[in-house]
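Colleague: model the structure of this input:
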Amino acid sequence: MTNTNILARRALIQQVIKSAGSTIFAVEFFKKDGTRRTMQIQLPAITKHLVGDAASASAKQAVATRKENHPELFAVFDIASQGIRSINLDTVVAVTLRGFRSEWSLPGTHEIEVRRAA
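Modeller: Reported below is the predicted structural model:
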């Protein structure tokens, strides 16, 4: 898969996730150890746990460095564990949101299939 396709796939998945607004929705992905996981997440909940401008300079630098070194990671708020988690956009296989399920195949493609969730 070309770098352009990888970036397009990440952008498409981010767009679907960000379109959720304050809705709780499900993301299916493969964890680093290879196990498949479904996580219930909500994006606005993450902002309650972020320090933002009040963060120290070193914390802000750490966030910037992480984003630069790991652009495939996307921070979300896991409803079940009540904590911030990272999802690897390169291993996302499905997002179920507002009754629709968007699916991607692995190892990755920017093709998307959207259908009514069962």
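Colleague: measure K32 to S86 for me?
Modeller: 10 Å (Cβ to Cβ, to the nearest Å). For the C-beta atoms, the positions are set from N, CA and C on the backbone; glycine is no exception.
Colleague: neighbour count winner among the two?
Modeller: S86 (13 against 8; other Cβ atoms under 10 Å).
Colleague: for the more buried one, which residues are in contact?
Modeller: L73, F74, A75, V76 (Cβ atoms under 8 Å, 6 or more residues apart in numbering).
Colleague: chain neighbours aside, what residue packs nearest to the last one?
Modeller: In this case it means V76. Excluding the flanking residues, the one nearest V76 by Cβ to Cβ, 6 or more residues apart in numbering is I41, at 4.3 Å.
Colleague: mind checking pLDDT for that neighbour?
Modeller: At I41, the model reports a pLDDT of 94.
Colleague: I'd say it and S22 touch.
Modeller: No - look at I41 against S22 with Cβ atoms under 8 Å: they stay out of range, at 11.4 Å.
Colleague: the two: who's more crowded?
Modeller: Using other Cβ under 10 Å as the criterion, I41 and S22 rank with I41 on top: 23 against 8.
Colleague: measure that one to L97 for me?
Modeller: With distances taken as Cβ to Cβ, I41 is found 10 Å from L97.
Colleague: any common contacting residues for those two?
Modeller: Counting by Cβ under 8 Å, 6+ apart, the residues touching both I41 and L97 are F25, A26.
Colleague: partners of the closest residue to A26 other than its chain neighbours in the sheet?
Modeller: Using Cβ to Cβ, 6+ apart and skipping the chain neighbours, the partner closest in space to A26 is T96 (4.3 Å). For T96, the beta-bridge partners are A26, R101 (DSSP bridges).
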